[in-house]
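> please find the sequence and the predicted model below.
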Amino acid sequence: MVRHITVVVGLTGAICFAGVATGLEPADPGTSVRCEVRAVTLEKPAYMVVDAVVRGDRLLLPDFTNGLREIDLKTGSDLRSLLPMGRKRGQVTGPQHLGCGGGRCVVLGDRYHWIYYDEDFEFIDEYPGMTTGAGAQPLVFGDRMVVAGTANPTVTGGGVSFLFVQYDDGSVVPLQEYPAGMAIPEIAKRIHFQGPTAGGAERLADGGWIYVDPRSYGVFVFDRNDRLVKAWRGANPRFRAPNFAAYELIHDATGRESFSRWNLAQPLVKRPVVLGEDLVGFVVGIPDGDLMQRHELDLYRLDGSPVATGIALPGVTGGRMVVADAGHGRLVAVGQRTWEPGAETVAWQVSVTGLGDR
């Protein structure tokens, strides 16, 4: 099923706060930001949406119990299963994370092996990743990966890193770590929060990359040599830091619902989307009832100057949602209508126009 919804939000000055009464009308309707959303329901729901890669009209979805699926983004129907499921070398069990770039794709499954393929998913190499793991979609380059996840101190030589560079030989260079002395239960809460539906990294046109920390809406810009060159914070007025004090670590059969109830009550900043040479967007999940979120789009220049914040994405609601790696200039979100595994799964393609020379 395909649906089209359009919303127009006027810009007042440089910043637009959708849903906040300003009493002002835009001086020039031609400067309005226009967002058109095209929704496609997948014929076969995902077990649980974690990562998504879009290339052309193909959606690549690591779907845990169902393997790595290739889906027609125009119709929502499955085209094929890309990888054999198994425990032999080059095979995947429980694919969870997928990153593609630099002429190759990397999959992390429930064996915690990093498995490398070429763009046609022909096997290249694999090695155990028990000392490192992805929390969000890995950002893959030709010689390394940028990973927002967890790296053990035994490989970093420091503390527990949550943002690091991992080279093809398995060596790790930590970039950001949890504070020294933080208790393990507190680290575990943050690891759980900084998962697939919150935060992540995206490449820039100049070979660098950009990362957003979902705990603070802190944005960090790195150059092609992984050196930090700029840092700033997002300005969405509905963002607030997660309430970790309200999160109890639960590992029994009801733990998933308990975690989802807490998680979806927090604003969730998704991985960055590069929409232009000097334009980056962030989709922000806003709590909207029990176990449900609606979503807004914030737009910034790479220096942190806001272009528009709080632009409503009509119809982009659900209990679990990620922003796909869809290439520069393209925003695709993939999510499930409710928090439960196997819930109806939707791909939303968002077009943003009306920015003019902003």
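Yep, it's here. Note that this is a predicted model, so its numbers are computed, not measured. Residues are numbered from 1 along each chain as shown.
> low pLDDT regions in the stretch 201-350 of the chain?
249-254 (pLDDT under 70).
> quick one, helices of it?
255-263 (DSSP state H, counting those that start in this stretch).
> ranges for the strands of it?
209-213, 218-222, 228-233, 268-269, 273-276, 279-287, 293-300, 306-312, 320-323, 331-336, 345-353 (DSSP state E, counting those that start in this stretch).
> doesn't residue 38 lie inside a helix?
No. Under DSSP: H, G, I helix; E, B strand; the rest coil, residue 38 sits outside any helix and is assigned strand.
> closest to residue 242 out of the strands of the stretch 201-350 of the chain?
strand 268-269 (8.8 Å; Cβ to Cβ). The way it works is simple: take the backbone N, C-alpha and C, and place the C-beta from them, glycine included.
> got a list of contacts for the closest one?
197-199, 212, 214, 217, 234, 239, 282-285, 293 (Cβ atoms under 8 Å, 6 or more residues apart in numbering).
> and what of stretch 180-199?
Residues contacting stretch 180-199 (Cβ under 8 Å, 6+ apart): 49-51, 97, 135-137, 148, 150, 159-160, 162, 178, 211-215, 242, 244, 247, 249, 259, 263, 266, 268-271, 285, 320-322.
> what does stretch 129-138 rub up against?
Residues contacting stretch 129-138 (Cβ under 8 Å, 6+ apart): 51, 96-99, 106, 108, 112-114, 145-152, 154-155, 162, 164, 166, 172, 191, 194-196, 198-201, 271, 322, 325.
> then stretch 113-128?
Against stretch 113-128 from outside (Cβ under 8 Å, 6+ apart): 68, 82-83, 89-90, 92, 100, 103-109, 111-112, 129, 132, 166, 168, 170.
> any chance of the strands of the stretch 201-350 of the chain in a markdown table, plus mean neighbour count?
Formatted as a markdown table, the strands of the stretch 201-350 of the chain follow (neighbours: other Cβ atoms under 10 Å):
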| stretch | mean neighbour count |
| --- | --- |
| strand 209-213 | 22 |
| strand 218-222 | 19 |
| strand 228-233 | 13 |
| strand 268-269 | 26 |
| strand 273-276 | 21 |
| strand 279-287 | 22 |
| strand 293-300 | 23 |
| strand 306-312 | 22 |
| strand 320-323 | 26 |
| strand 331-336 | 25 |
| strand 345-353 | 21 |
